[in-house]
Every structure is written in structure tokens, then in C-alpha cells.
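Student: What follows is a predicted protein model with its sequence.
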Amino acid sequence: MEYKQVDDCFIVNNPKDLLSALNNKEDYIIIHEDYKEEFEKNTQLPLTEREEIAFQLGFRGWAGIWGGLFFHIINFFSKGSKQQKKIDSKIRKYHVKKLKENEILLYLRQSEY
């Protein structure tokens, strides 16, 4: 997917906007330079496709079930704001791609199929 092909992106500059976009299940979300560093520092990013495939093969398909369960338990007991916990939980439905030095693209996993 190329950045130029995406016309209807939701541009995010703070955690409140990001949570709103994640709640609305926007297909494409761009995290702009003002919020990019904070996002990378505070957010638990989902596995890449290659990492996820290796993880699934290693556990014969059970990784998704057990991994999701453990993630929610760890996220519940972790330190951090309630808002950040919601972002960490909802961002797992997205793929992450670095566009430029100052932008990150999140795109919904379901929109690939």
C-alpha cells in the first residue's frame, strides 16, 4: 500500500484523537510528527505480519487465543492511564507502517481482505 493511494486518512496529533479514530474503526490513520514520538514511546505496537505468522506456526494456531488472553490480563494490571490501555487494546486490529521520518500509517487489518 502506498501513502499516495490513501485519500481518506484520519490524521492524528494527540492520544484523544487517536482513541476516537480507533473507536470509529477508521480504515487509515496517520500519526503526524507532533504525536509520533510520544506514540512510539507509550504504545505497545502489534506484531508485524512476519512475526505473527512465525508465532502462529510455533503454537499451531493456538497463539491467537492464548496470546489475546494474556495480553488483556497484562494490560489490565499494567501501569498507565486508562486512555493508553484502551489505545493499546484497540491498536491490535491495525498494521503499523512507517511512512516518512515523521509519520506512521495505521491501517485496519480487515481492509486487506
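Tutor: Okay, I see it.
Student: okay, CA-based contacts and neighbour counts for the rest of this
Tutor: OK.
Student: Run through the strands of the protein in chain order.
Tutor: Assigned by DSSP state E, the strands in the chain fall at 10-12, 28-31, 94-100, 103-108.
Student: closest to F76 out of these?
Tutor: Proximity to F76, assessed across the strands of the chain by CA to CA, is greatest for strand 94-100 (20.2 Å).
Student: Of the strands of the chain, which stretch is the most buried?
Tutor: Using mean count of other CA atoms under 10 Å, the stretch among these with the largest mean neighbour count is strand 28-31, at a mean of 23.
Student: Excluding covalently adjacent residues, which one is nearest to D27?
Tutor: L108 (5.1 Å; CA to CA, 6 or more residues apart in numbering).
Student: got a list of what that neighbour touches?
Tutor: Each residue near L108 by CA atoms under 8 Å, 6 or more residues apart in numbering is listed here: 25-28, 93-95.
Student: Any stretches of this structure with poor pLDDT?
Tutor: Applying pLDDT under 70 to the chain flags the ranges 1-7, 46-49, 51-72, 74-75, 111-113.
Student: what would the strands of the chain look like in TSV with distance to A21?
Tutor: Formatted as TSV, the strands of the chain follow (distance: least, CA to CA, whole Å):
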stretch	distance to A21
strand 10-12	7
strand 28-31	7
strand 94-100	12
strand 103-108	10
